[in-house]
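Visitor: the following block contains a protein sequence and its predicted model.
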Amino acid sequence: MASIAETTYPSTVSDHLRPLDAHRDLFAVADLIEICFADTLDTEGRRYLQNMRAAAQTPGIAFFAPLEEWANVPIIGFVWEEDKRLVGNISLIPYRLKGQRQYLIANVAVHPDFRRRGIGRLLTERGIEYARTRGMPDVWLHVREENVPAIKLYQDMGFEEQARRTTWVSSTAYQPLPLPEGVKITRRGPDLWQIQQTWLQESYPLELRWNLPLQDNALRPGIAGAFYRFSKALFVQQWAAWQNQELVGVLACQSTYTRSNILWLVSKAGFHEIAVQALLHHARQNLGIRRHLVLDYPSQHARQAIVAAGFREHQTLIWMQKRFQI
């Protein structure tokens, strides 16, 4: 694991705060995350914890990461110990954005019995310092919308909100609705790819999509797209929504190895409600209800149409950024 420069803290802090040791700590970190975020863990979250526990038993993972299967396993971070018990954690997830290395602060967790003592702030400050001293222009994190104390803490530390994203999950409670007047659904043709790609960049900006399994090549038409999907064992279905001969939205459904399929939904400005209603209802009717459908979408956009299509809100995350002065 990359060496971490030590920082001088008052003795009461330095006795408890130390760098993460991947092999020694990952089991305990996974247990702590499970305790602190049990109410929001979905299938992917539980898989993430399984990967953490598996990584703890995998020799050399700290030296050979990031391998594809360990891409989001935290090997850089800090923990807080009291009486040889791990009660606090912060992870720094490395990623690349436009060719530059970045860090996402994640898994900020303090055991319920040790909260309101400033441990979360001290861990977050140490994570910020780690990113800043490595020449990062900024550092990012995301926090649940309902976690008001954490949002206030991050605002006090200089983080500013950049976006809100809601994850929606389909339910079995679904009542089909007719298409809006003048709207029709077709297969997405190859001639629509350029505008779909432009809308994808607007709805799923690079700063937020790096941690999503969204790859343009998976949706691209032609031989290049087909070869990519074949090499990754992906199955993708795509539809286009039209109103009076005008393209208003495109929906892609990407298969996964879990019980869920992922939806990538984009629409033309001013036509969000119409496109979302038409495309989601079409998907529900054609895909059935045996597999869950998961949609990541800008918060507050077309909420009524999404709910009407039989989706429930799983969680809304606020993405926050702290810029460093150069």
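Guide: That came through fine. Residues are numbered from 1 along each chain as shown.
Visitor: these two touch, right, residue 75 and residue 22?
Guide: Yes - using Cβ atoms under 8 Å, residue 75 makes contact with residue 22 at a distance of 4.8 Å. For the C-beta atoms, the positions are set from N, CA and C on the backbone; glycine is no exception.
Visitor: okay, and the beta partners of residue 320?
Guide: residue 141, residue 161 (DSSP bridges).
Visitor: heads up, I number from 11, so please use that
Guide: In the new numbering, first residue 11, that becomes residue 330.
Visitor: need the pLDDT of it.
Guide: Per-residue pLDDT puts residue 330 at 97.
Visitor: quick one, helices of the stretch 161-310 of the chain?
Guide: With helices called from DSSP state H, counting those that start in this stretch, the stretch 161-310 of the chain shows them at 203-213, 216-219, 226-229, 232-241, 282-297.
Visitor: any idea which of those helices gets closest to residue 166?
Guide: Closest approach to residue 166 among these is made by helix 216-219 (22.6 Å; Cβ to Cβ).
Visitor: what's the next secondary structure element after the helix or strand of the chain with the lowest mean pLDDT?
Guide: Lowest by mean pLDDT, DSSP states H and E among the helices and strands of the chain is helix 71-74, with a mean of 40. Heading C-terminal from helix 71-74, the first helix or strand you meet, by DSSP states H and E, is strand 87-92.
Visitor: can you tell me the strand partners of that next one and which way each runs?
Guide: Strand 87-92 sits in its sheet next to strand 27-29 (antiparallel), strand 95-107 (antiparallel), going by DSSP bridges.
Visitor: save these as a markdown table, and put in mean pLDDT, mean neighbour count and distance to residue 211 too.
Guide: Output for the strands paired with strand 87-92, formatted as a markdown table (pLDDT from 0 to 100; neighbours: other Cβ atoms under 10 Å; distance: least, Cβ to Cβ, whole Å):
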| stretch | mean pLDDT | mean neighbour count | distance to residue 211 |
| --- | --- | --- | --- |
| strand 27-29 | 93 | 18 | 37 |
| strand 95-107 | 91 | 20 | 13 |
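Visitor: can you redo those strands as a markdown table with distance to residue 230?
Guide: As requested, these are exported to a markdown table (distance: least, Cβ to Cβ, whole Å):
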| stretch | distance to residue 230 |
| --- | --- |
| strand 27-29 | 41 |
| strand 95-107 | 21 |
